[in-house]
Structures are given as structure tokens and as C-alpha cells.
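Participant: sharing a sequence plus its predicted fold:
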Amino acid sequence: MKSSLRQRQFALASSLLALCFSQAAFAAETADDGFDDEKGITVTATRAPVAIVDAPATVTVIDGQRIADELATDVRDIVRFEPGITVRRAPARFGAALGTTGRAGNEDFNIRGIGGNRVLIQVDGIRSPQGFSFGAQDVGRGNATDVGLIKSVEILRGPASALYGSDGLSGVVSFTTSDPVDFIKDGNAIGGFARAQFSSADNEFSETVALAGQTGNFSAMLAYSRRDFEELDNKGDNDVEGAARTTPNPQDGQSNALLGKLVWNNGNHRVRITGEYLEREISSNILSGLGPVFLFPGPPSWIVDSLTAEDSTERVRASVDWTYNADADGSGFFDYAHVAAYWQDGKDVQFADEDRSPTGATPRPDRERLNSFNNRVYGVAADFRSSFTTGPIKHVITYGGDYSVTRQDGLRDGVEPPFAETFPSRAFPVTDFSLGGLFIGNAMEFADGAFTLYPALRFDFYDLDPTDDPLLPGFVPTGQDGSRISPKIGAVWKLGDVRLFGNYAQGFRAPTPSQVNNFFENLVFGYTSLPNPNLDPETSESLEAGIRYQADGITLGLTAFSAQYDDFISQEIVSGSFRPGDPAVFQFVNLNNVDVKGVEARASYKADNGFRARFAIAFADGTVEAPDTTDLSLSTIDPLNAILGLGYRDPEDRFGGELILSYNARKEANETIGTCSEACFRPSESAIIDATAFYRVSENFTIRAGLFNVTDKKYALWSNVRGLNASSDITDAFTQPGRNVSLSISASF
């Protein structure tokens, strides 16, 4: 373990953008193709294969090669060079019963300022378990996917409910795992892959191995990924026990991920059986939590002598699917059909042990907390594609539906519960949560594909069916059901090498069981949490428009968007004064709306001689309109950020490297009002340099290396410090790692 003013920002970004565009245009005379990922295909955007440049929405596709070349070790690393998308990770400074800072690890994806359960995350088309936060428990969703087993990830920005239903309120993150054929070269019966990697940022050692074989119509694979890691480093230097500590709290972690597939192929038909297992365990020694605890003015209430935690995440999945792909010239009614059935069980357990000493006559026994959150789901999904022509218009119809039932529950247990409370208990009753929907979309090509219209419509329904839970005696839960129609329409106009695109979309998210039936009370201490059976689903409405250019190795893109989120769900204090006779009442309620507007731009260039460059920038602004209060800025929006990369890749793919500059602006003070109990800590703007390189020793053997934060700069990111007061003396604890290295060795056969 280690002991250890918006104008200026906009001017800088504009200058960088102009520089990148002009340099790409100057060099275009010697290039004739674009980046491979820019020429790639996306399915997430329309549920049908379409070139990224022709998609009616903004989609990022990150393939396995890029994940490897950038030496990503988790989902946070995957998007570190994607402006407008972040994964929050605060330092581990939580308590046993008070405070959750950093306990969720990699919390969740944030797309254009909106994150949490409002972003749909799926692996091979199957929803990942929801996140949950209550009391001393905080469960994120960024720890339930191992990047070592990922073939690619597609990130769709903007509402996606017209195609994917509830949870796709602000975007979709779609992970795809590898198939046996990905490891077997044509003409061979067996193939495999192995990689070992080290990262000094958290002293992580990881190993991934995959073996695949085929015979006749059958193929199979087995892949395994192992990770051993410690606490994430930072630039803090106060290595003491207690609240003043700024060096990281010691942690030891490990994870195991296993993926197996058995595939039968026969002509146009494929049947696939998949099994997936992931477990992640992390032990923490929270030295920052030791020492006296002051609940009231005056002497300390007790002293914490030891605070340790054991947290685990487990996800198990079994699925079977059938896929039909028609021949190139089509046959029958279907061009494509996919039907899947699946079972998935997600479990999160968080345990803390706190040893205490009294400071007076009142005994302070040691206490433990054991909190769990479980999601077990059964589901089916089907989608189809058919193509036909009506006069001069070509149609590609996508249609289908899905249905799932999730049993969701959470348990609060331990020893020495707070006064007037009992263990075990729950924050909400065990609930069966059903989600279903039917969708239809059409890609209508006019004038031989010069103009394509993408209308889509989905009908969703949901049902919350709580049980009469014996751990909530006297509480009468309320069920809830509802439905929603979500339309979407996009358009792409091809003008030679230029694409004009735009889309209008509506989003939808059903309330979760813990929001509708949240119940907890401690009247002695003057507070309670009450259910809200009248909680409405969240909805969103967005407009997006942009222009793209791709030719001669150059890709350029500019996008503007505006989104309004209505009935935004938030837990608020709705009444009370924190006295036993007038307890404060916490309740999940619908805010009026949240508005988000922004601009994004991208540029890339690739020359025949191997030189390449890329640039991306994202800026957004958000406003929260709440009942009977002054409008506030949306604190979850990151300040302007941009990346500029310059690199070289040998035309024969033998070696290459890239130098990447990441710029993060400072959050404006007027955009943090209401976020902190006083003025917020706002990290200074930063410009960080990273460098990566690879060398292919032979056709099947590659060495990669990365040097990150080359200048060893002390910096922090707004996404990780949200809520921290400017007067805090531990801001260094929230800084990012200093100079660090990563190395990997991979082999295929």
C-alpha cells in the first residue's frame, strides 16, 4: 500500500479547434481515409447497422484496440479522453454509519451533465443493475463490468427511450463482449489471447486470458480476467490518522471475471448460450475516520479507534439468444431477427466495523453495519428488421419489444443500531419491478439515400408491486404502474462529403421502488423519510442538430443540443424542523424541470504516412427549476473540457504512439450555488499531458506503455469534488494521481 472567465475558456477552446481544423485541412492533400473508428458502424443509434458518420445522433464507438492502446483498466479510463462524458470517483473517506464519500467507487456514467440511473447501461443488450444510495450505503454501477472482457462500447448521447425504454433518459452505454470467432483466424480451429498489465496509479496488476475453438457448426470460448489493486493515488501529503489526512486511505482489492460462450452456426442462423460471472472485493482501512467525533458543540461524543470496511459486488448472468441474418439479397419477410432470454443476479454488500471508546460516562460500544442491495431479473427481448421499397423510397423497419421482472431488495443490518432503531430493517419493501415495451422505427431513404428520415415510436409500461415486508411492520406500501409513449425522429442529409443531421427525442424513466416506497424514521432525533405514491415518472425532451464532414482522412463535427427534463426526481426536505415534535420529512418529489444546453465539436485527421491528430471539446450549461425556490445551476454538469491528441501509427502497424493534452476549465462560482453548505471548492483549470505508445514485436506479440500526467501536476476534477466546501482543509485528498505509468504485454495465437 502507498503511504504516502468563461470567455477566456471559450477563446482558448475556439483557438484550439481552429488550429486543429486548419492543420487537418492543410494536410488533407496527402491523405485519403479517416480514422477507423470514425468509419465504423454503430447499432445503438438506430437499432440497425449504420455508419457513424451517417447516424442521426451523436454516438461514440470505442473498440477493443483503442481500449488496449489507451491502457484502460476500468470504465473511468475508457472515457477519460471523451469530453462530455465522465465517471465520478471520489476518494474513500466514508464512515460506518455516517458519510458515504467514495464508497461507490466508480459511481456511474454522466452524459451531458445527467447521470446515475438516468443513463441506461447494458451488456450484450441486458440492463446492468440499478444504483442505490441510502444512509451509509452507496452502490454505484461502474464496478460491475470488467473492461478486459469487452470487445467494444457504444455511447449514445441524448434520450433513447424511443428505442430502449425506461432508463435511457439521457443516453445509453452499450458494452459488447467477445465471441469465439473474434479469437480464431480463418482456416484455424483454435485461437486465443493473453494480456498482462500493470498500472502504478493504484498498483494494479491484471491478467486476461481467452481460449476459443471451433469444429463443424459449433464454436466455444472461455475468457478470464483477474485484477489485484490498491488505493488510487493522489497528490496529498498529510499522512496522519484522523480527519486532517489527505493521503489516500489504504485499500486492497481484487476482482475475478469469467465469460463463457457456446455458439451454433448453421447458414443464416446462430444460437448462442452465454454465461458471465464477476466478483469484486475491496478492503478499506479508513484512517481518516479515526479520532474524536463531535456530534454537538463542546467535547467529543466518542473516539473512533478503528474503522475498516469490506465491500463486494457480484453479477451473474446466463442468457440464450437466436439470431437470423438473411443473405445479402434478402429472403423472406425478415432481414434480421434476434430473440433472447436471460437471467441476471446482481448483489452489492457493504460491511463496516467501527471500534469506539467513550469520552465520558456514556458507554460507546463498538458497532457494525452490514448493508446489501440486490437485483435479480428475468427477461426476454426481441428485435427484427425488414426492408422493402415503396416507389422511390427505401424502408428499413426495426421493431420488437422486451419485458423484464426484477426483484429488488435492500437490507440494513449490524450491531448497535442508533437509538430508537432496530436491526435488521429496510429502506423500502422487497419489490417486484416490471418493465416492458414495444417499439418500431423506420429508416426511410429518399433520392437514392441522399436524405434519410428516422422516425421511431415506443410504448412503455411499468409496474411496481411491493410485498408486505415483515421487516417493515406497520408500513403499508403502495404499488404503482404507468405507461408512456416516447417518439423520436431523426434526419440525415448527405451533401457530398458533408452530413447535416438532427433529431428530436423524448425520454422516460419510471420511478424506482426505493423512491416510491422509501420509509425510515427516527423521531427521537427529529427526522423521517416518507414514501410518495404519487411520484410521477421522469420525462425528457431534446433537440439536437449538427454537421459532419468526412473525406481525405479528415473528419469534422459540430453539434448543438438542448434538453429539458420534466418531473425530475429528487429527495428533498418537504417539511419539519428536526425536532421530535416536528420532525424533518425527507421525501422523493418531482421538481418542475431541469434544462441543459450545450455544444460539442470533434475533429480528427489521419495521413497515409501514419501521422494522426484528434480534437474534441464539450461545453454545457444547466438550470434546475424547483417549486417555490430560485432557479439553481445544475451542479452535475462538468465545466468545459477538451482534448487534443497528436500521434503516429506506422502504416504497417508495427509501432506508434500518441501525446494527448486534456484541458479542464474551472467551474464558475455562480454555477455552484446551492451545491455546498457554503462556497464550493472549485478546482483550478488544468492542462494534463499523457503519452501512450506501442510496439508490435511480432505479428502476435505487442508491448504497450503509457506515461500519464507527465508533468506531475497537482489537479482535481469537478466531478469528483462536487459538494466539497472551499473552506475545507483536505482538498488535496480529492486530487488525481501524480505522474504514473502503465505497461501491458499481449499475445495472440
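Facilitator: Sure, I can see it. Numbering: from 1, shown residues only.

Participant: all strands of the stretch 501-650 of the chain, in order?
Facilitator: Remark: strands assigned in the stretch 501-650 of the chain by DSSP state E, counting those that start in this stretch are 520-522, 527-529, 538-551, 554-566, 569-575, 584-590, 593-606, 611-625, 632-633, 641-649.

Participant: looking at these, spot the one closest to A669.
Facilitator: Proximity to A669 (CB to CB) singles out strand 632-633 among those, at 9.9 Å. In this view, the C-beta of every residue, glycine as well, is placed from N, C-alpha and C.

Participant: I'd like to know which elements that closest one is packed against.
Facilitator: strand 611-625 (3 or more CB pairs under 8 Å, 6 or more residues apart in numbering; DSSP states H and E).

Participant: quick one: average confidence on the strand it packs on?
Facilitator: Taken as a whole, strand 611-625 has an average pLDDT of 94.

Participant: what's the angle between that strand and strand 641-649?
Facilitator: 160 degrees (axes from the mean of the first three to the mean of the last three CA atoms, to 10 degrees).

Participant: could I get the strands of the stretch 501-650 of the chain as CSV with distance to Q408 and mean neighbour count?
Facilitator: Output for the strands of the stretch 501-650 of the chain, formatted as CSV (distance: least, CB to CB, whole Å; neighbours: other CB atoms under 10 Å):
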stretch, distance to Q408, mean neighbour count
strand 520-522, 17, 17
strand 527-529, 17, 18
strand 538-551, 18, 20
strand 554-566, 23, 21
strand 569-575, 16, 14
strand 584-590, 15, 18
strand 593-606, 25, 22
strand 611-625, 28, 21
strand 632-633, 31, 18
strand 641-649, 35, 20
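
Participant: chain neighbours aside, what residue packs nearest to S575?
Facilitator: In space, and not counting its chain neighbours, S575 is closest to V585: 4.7 Å by CB to CB, 6 or more residues apart in numbering.

Participant: how near is the one you found to P417?
Facilitator: 21 Å (CB to CB, to the nearest Å).

Participant: now do the strands in the stretch 101-250 of the chain.
Facilitator: Using DSSP E, counting those that start in this stretch, strands in the stretch 101-250 of the chain cover 109-111, 114-115, 119-123, 126-127, 132-134, 137-139, 150-157, 171-177, 190-199, 204-215, 218-230.

Participant: the fourth one pairs with which strands?
Facilitator: The strands beside strand 126-127 in its sheet (DSSP bridges) come out as strand 119-123 (antiparallel).

Participant: ok, the first one next?
Facilitator: Sheet pairing for strand 109-111, assigned by DSSP bridges, gives strand 85-87 (antiparallel), strand 114-115 (antiparallel).

Participant: distance to L558 and mean neighbour count for the ones you listed - can I get that in CSV?
Facilitator: Listed next are the strands paired with strand 109-111 as CSV, based on distance: least, CB to CB, whole Å; neighbours: other CB under 10 Å:
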stretch, distance to L558, mean neighbour count
strand 85-87, 18, 24
strand 114-115, 21, 24
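
Participant: now for W493, how many residues are close by?
Facilitator: The tally of other residues near W493 (other CB atoms under 10 Å) stands at 16.

Participant: quick one: what helix or strand has it in it?
Facilitator: Assigning secondary structure by DSSP states H and E places W493 in strand 480-495.

Participant: per-residue confidence averaged over that strand?
Facilitator: Here the average pLDDT along strand 480-495 is 95.

Participant: next up, the contacts around the residue nearest to the spatial centre of the chain.
Facilitator: Most central in the chain under CA atoms, centre = their mean is F109, positioned 2.5 Å from the mean C-alpha point. By CB atoms under 8 Å, 6 or more residues apart in numbering, the contact set of F109 is 75, 79, 85-87, 115, 119, 121, 141-142, 155, 171, 173.

Participant: reformat the residues you listed as CSV; add pLDDT.
Facilitator: As requested, the contacts of F109 are exported to CSV (pLDDT from 0 to 100):
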residue, pLDDT
V75, 94
V79, 95
I85, 95
T86, 95
V87, 95
G115, 91
V119, 93
I121, 93
R141, 90
G142, 88
I155, 93
G171, 91
V173, 93
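
Participant: number of nearby residues for the residue lying closest to A244 once chain neighbours are set aside?
Facilitator: Sequence neighbours aside, N238 is the residue nearest to A244 in space, at 5.9 Å (criterion: CB to CB, 6+ apart). The number of residues packed near N238 is 14, by other CB under 10 Å.

Participant: what segments of the protein are helices?
Facilitator: Under the criterion DSSP state H, the chain contains helices at 6-27, 64-69, 75-78, 161-164, 513-516, 718-721.

Participant: give the rounded mean pLDDT of the last one.
Facilitator: Spelled out, that is helix 718-721. On average, helix 718-721 scores 96.

Participant: for that helix, packing partners?
Facilitator: Going by 3+ CB pairs under 8 Å, 6+ apart, helix 718-721 lies up against no helix or strand.

Participant: I would like the residues contacting it, please.
Facilitator: Contacts for helix 718-721 (CB under 8 Å, 6+ apart): 86-91, 110, 638-639, 664, 667, 681-683, 731, 734, 736.

Participant: cross these against strands and list the overlap.
Facilitator: The strands, defined by DSSP state E, take in T86, V87, N110, N664 from the contacts of helix 718-721.

Participant: so what's the first one bridging to?
Facilitator: When bridges are called by DSSP bridges, T86 pairs up with N110.

Participant: quick check, it in contact with D638.
Facilitator: Yes: counting by CB atoms under 8 Å, D638 is a contact partner of T86 at 5.8 Å.

Participant: my guess is W264 meets R270, correct?
Facilitator: Yes: counting by CB under 8 Å, W264 touches R270, with 6.9 Å between them.

Participant: of the two, which one has the most company?
Facilitator: R270 (18 against 15).

Participant: which residue is the nearest non-sequential neighbour of that one?
Facilitator: Counting by CB to CB, 6+ apart, T323 is the residue found nearest to R270 once chain neighbours are left out, at 4.5 Å.

Participant: how near is the closest residue to A510 other than its chain neighbours to F351?
Facilitator: Distances taken as CB to CB, 6+ apart put Y462 closest to A510, at 4.1 Å, once the chain neighbours are dropped. Distance from Y462 to F351, counting by CB to CB: 32 Å.

Participant: do E368 as well
Facilitator: Distance of E368 to F351, given as CB to CB: 7 Å.

Participant: and what of G436?
Facilitator: 36 Å.

Participant: over to the nearest residue to D536 once chain neighbours are set aside: give its phi and psi.
Facilitator: Among residues not flanking D536 along the chain, D567 sits closest, at 4.6 Å (CB to CB, 6+ apart). Per-residue torsions, D567: phi 60, psi 40 (degrees, to the nearest 10).
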